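Visitor: What would the 3D arrangement of this be:
(chains A and B)
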Amino acid sequence: DTAVSQTPKYLVTQMGNDKSIKCEQNLGHDTMYWYKQDSKKFLKIMFSYNNKELIINETVPNRFSPKSPDKAHLNLHINSLELGDSAVYFCASSRVGTVWGYTFGSGTRLTVV
Amino acid sequence: GENVEQHPSTLSVQEGDSAVIKCTYSDSASNYFPWYKQELGKGPQLIIDIRSNVGEKKDQRIAVTLNKTAKHFSLHITETQPEDSAVYFCAALVNYGGSQGNLIFGKGTKLSVKP
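Guide: Numbering: from 1, shown residues only, chains lettered A, B, ... in the order given. Model prediction:
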């Protein structure tokens, strides 16, 4: 009955690889987000997406791309992984017009070696 | 764009004391200010929030105050307990025209409550 679930919880991979992190929400929300949390705990928005628009933080490298097969899923694809991509990635969701109820997943710790 | 500053970055208190965390924001159009608690190995969880038409909100031991004129808001935790130890984040909502908005977070405060 998890509200926002991410898989995998841990991901260790080599530089240059391509990987994906999956996110699913069962709250009936229509907007989903990806945040990156670095080693200093700073939470930085990467993408927000609903069925009408994708908003991209301009500082996010184009190696990162969100893919949404349906309203309940927003997966994060990362190409050509770099050491600096190591971080914890959080998925979140909310309902348009009611940002309260902004629910986070438990995070995916990505380690690039 | 919106910038949210949060202070202090670390805070240590004795059990039973009060803790106060302060945030400022830059975009006067921001109208929603939540606070999140993040425990080790978990995602941030909403603990309290306040809208711009309200000056103060309280929920048991936690309260939030908002000063729109000065563009700052604060989290107050009274009678702190060891289980309050966590990283706390403030945030401000930025709207992008339409109905979609993003939360911009402060850099977090690591609160330690000593028994």
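Visitor: Of all the residues in chain B, which one is nearest chain A?
Guide: Taking CB to the nearest CB, chain A has its nearest neighbour within chain B at residue B:43, 3.6 Å off. Backbone N, C-alpha and C define where each C-beta goes, glycine included.
Visitor: residues in contact with the closest residue to that residue other than its chain neighbours?
Guide: Leaving aside its sequence neighbours, residue B:43 sits nearest to residue A:104 (CB to CB, 6 or more residues apart in numbering or on different chains; 3.6 Å). Taking CB atoms under 8 Å, 6 or more residues apart in numbering or on different chains as the contact definition, residue A:104 lies against A:4, A:35, A:90-92, B:36, B:43-45.
Visitor: 10 Å instead?
Guide: Shown in contact with residue A:104 (CB atoms under 10 Å, 6 or more residues apart in numbering or on different chains): A:3-4, A:6, A:33, A:35, A:43, A:90-93, B:36, B:38, B:42-46.
Visitor: what bridges to residue 94?
Guide: Going with chain A. Bridge pairing for residue A:94 (DSSP bridges) gives the partners residue A:31.
Visitor: Correction: the question concerned chain B.
Guide: residue B:102.
Visitor: from memory it sits against residue B:105, does it?
Guide: No: with contact defined as CB atoms under 10 Å, residue B:94 does not reach residue B:105; the gap is 11.1 Å.
Visitor: shared neighbours of the two, anything?
Guide: Counting by CB under 10 Å, 6+ apart, the contacts common to residue B:94 and residue B:105 are A:45, B:4.
Visitor: Looking at these two now, which is surrounded by more residues?
Guide: Using other CB atoms under 10 Å in any protein chain shown as the criterion, residue B:94 and residue B:105 rank with residue B:105 on top: 23 against 20.
Visitor: residues contacting residue A:94?
Guide: Contacts here follow CB under 10 Å, 6+ apart; on that basis residue A:94 touches A:25, A:27, A:29-33, A:48, A:50, A:100-103, B:100-103.
Visitor: Roughly how far does it sit from residue B:52?
Guide: Distance from residue A:94 to residue B:52, counting by CB to CB, to the nearest Å: 18 Å.
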